[in-house]
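*Asks:* Need coordinates for the following:
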Amino acid sequence: MGYYVSIYEGSATLPADKLDEAYKLMCALNDNDEIKRGGSWGGGTDKDSARPEGLNYHPHRWFSWMDANYPETCPDAFTILQQLGFEMERTEDGSIIIGGYDNKTGQEDLFLNAICPLLTKDSFLVWRGEDGDMWRDEFGGATTVTKMPRIEWV
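*Replies:* Here you go, the predicted structure:
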């Protein structure tokens with residue numbers, strides 16, 4: 001079960017000179033096991049146990065749709081965003097433009113919020129859920145601003 005969403009309009013641009021910083025910020029999220037919604041049991045530990053000693057990630061906790069050790073398997077910001085399910089393009093200068101998503105929701109919002117200050121000020125994404133609900137995320141400030149539409153009957 002899950003909730004399917006897609007990007008209805010908009011784009012979010014991550015400038016080329018911010019890619020390394022974005023990568024570090026997104027990798028740092030993996031230190032926060034308590035915010036991860038994915039997980040399973042097996043191998044003598046489960047998602048509720050402490051992180052096994054000697055590992056820099058919890059093998060049974062992960063962000064939805066992500067590898068538990070994504071900082072090791074994703075070499076750059078583009079690859080992390082790709083694993084999250086975003087459709088992107090690169091500009092001639094190497095910037096990344098996020099312009100598409102069509103999948104079940106995972107935890108992509110946490111990753112977008114982590115890099116929000118690095119995205120250009122005109123960046124926004126309008127999302128549409130499987131039930132027709134819509135919302136707009138605006139980036140480029142200290143944190144993501146989510147706005148809900150107002151339907152006005154005239």
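*Asks:* shaky segments in the chain?
*Replies:* For the chain, the stretches with pLDDT under 70 are 1, 39-49, 51, 56.
*Asks:* Leaving aside the residues adjacent along the chain, what's closest to residue 119?
*Replies:* Spatial nearest neighbour of residue 119, excluding adjacent residues (C-beta to C-beta, 6 or more residues apart in numbering): residue 139 at 3.9 Å. For every residue, glycine as well, the C-beta is placed using N, CA and C.
*Asks:* quick one: the one you found and residue 10 touch, right?
*Replies:* No - the criterion here is C-beta atoms under 8 Å, and residue 139 misses it with residue 10 at 9.7 Å.
*Asks:* Spit out the residues that contact the two alike.
*Replies:* Here residue 139 and residue 10 have 123, 124, 125 as joint contacts, going by C-beta atoms under 8 Å, 6 or more residues apart in numbering.
*Asks:* what about residue 139 and residue 10, which has more around it?
*Replies:* Using other C-beta atoms under 10 Å as the criterion, residue 139 and residue 10 rank with residue 139 on top: 25 against 17.
*Asks:* residue contacts, the more buried one?
*Replies:* By C-beta under 8 Å, 6+ apart, residue 139 lies in contact with 12, 112, 116, 119, 120, 121, 123, 124, 125.
*Asks:* Kindly report the same for residue 66.
*Replies:* 38, 80, 83, 84, 106, 107 are the contacts of residue 66 under C-beta under 8 Å, 6+ apart.
*Asks:* Inside strands: which ones of those?
*Replies:* Counted as lying in strands by DSSP state E, out of the contacts of residue 66, are residue 38.
*Asks:* With respect to residue 134, which of the contacts of residue 66 is nearest?
*Replies:* Nearest to residue 134 among those is residue 106, at 18.8 Å by C-beta to C-beta.
*Asks:* What's the local residue count around that closest one?
*Replies:* Using other C-beta under 10 Å: residue 106 sits among 20 other residues.
*Asks:* just the helices in this protein please.
*Replies:* Using DSSP state H, the helices found in the chain span residues 19-28, 70-73, 77-84, 108-115.
*Asks:* and those helices as CSV, adding distance to residue 93 and mean neighbour count?
*Replies:* Below are the helices of the chain laid out as CSV (distance: least, C-beta to C-beta, whole Å; neighbours: other C-beta atoms under 10 Å):
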stretch, distance to residue 93, mean neighbour count
helix 19-28, 11, 17
helix 70-73, 25, 16
helix 77-84, 14, 20
helix 108-115, 18, 20
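*Asks:* No further questions, thank you.
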